[in-house]
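Trainee: Quick one: sequence plus predicted model below, questions after.
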Amino acid sequence: MSTPIPYVTLDDPRYGEVVQVSPLIQRVIAKNPSKFTYLGTGTYIVGSGDRVAVIDPGPPIQSHRTAITAALEGRTVAAILVTHCHSD
């Protein structure tokens, strides 16, 4: 028997807004669409309580940094994970 996994699709990115993907995962999309980033770089905030991890913090775009900071809501960033980078 299979268990369906609910997920949020990325049909229309809302740049700079926090999307609750699941109870433990939030996503913020940077406004940097390109052939490398598709609709924009996805930054994920994972965890519960007052400590979270930030996965792929994204490009040095001030509006994106501001959105991530707002999404943290005062929580401590316990880890930053970078899955890859673009030297372009």
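Mentor: Noted; the coordinates are in hand.
Trainee: what pLDDT does residue 49 get?
Mentor: As predicted, residue 49 sits at a pLDDT of 93.
Trainee: list the contacts for it?
Mentor: Neighbouring residues of residue 49 by C-beta atoms under 8 Å, 6 or more residues apart in numbering: residue 75. C-beta coordinates here come from the backbone N, C-alpha and C atoms, glycine included.
Trainee: Is the residue nearest the centre of the chain in a helix, a strand, or coil?
Mentor: When C-alpha atoms, centre = their mean is applied to the chain, the residue found nearest the centroid is residue 43 (2.3 Å). Under DSSP: H, G, I helix; E, B strand; the rest coil, residue 43 falls in the strand class.
Trainee: Leaving out chain neighbours, which residue sits closest to residue 80?
Mentor: residue 54 (5.1 Å; C-beta to C-beta, 6 or more residues apart in numbering).
Trainee: Quickly note the distance from residue 83 to residue 34.
Mentor: 17 Å (C-beta to C-beta, to the nearest Å).
Trainee: again with residue 84
Mentor: 15 Å.
Trainee: ok, back up a step: ok, the residue nearest to residue 80 - contacts?
Mentor: 43-46, 68, 77, 79-81.
Trainee: next one: residue 77
Mentor: 51-54.
Trainee: so it is in which element?
Mentor: Residue 77 belongs to strand 76-81 when assigned by DSSP states H and E.
Trainee: Check which helices and strands the helix-or-strand element of the chain with minimal mean pLDDT sits against.
Mentor: Lowest mean confidence among the helices and strands of the chain (mean pLDDT, DSSP states H and E): strand 18-22, at a mean of 90. The contact analysis (3 or more C-beta pairs under 8 Å, 6 or more residues apart in numbering; DSSP states H and E) places strand 18-22 against strand 25-29, helix 62-72.
Trainee: Note down every partner strand of that strand and its orientation.
Mentor: Sheet pairing of strand 18-22 (DSSP bridges) gives strand 25-29 (antiparallel).
Trainee: and the angle for the partner strand with helix 62-72?
Mentor: 160 degrees (axes from the mean of the first three to the mean of the last three C-alpha atoms, to 10 degrees).
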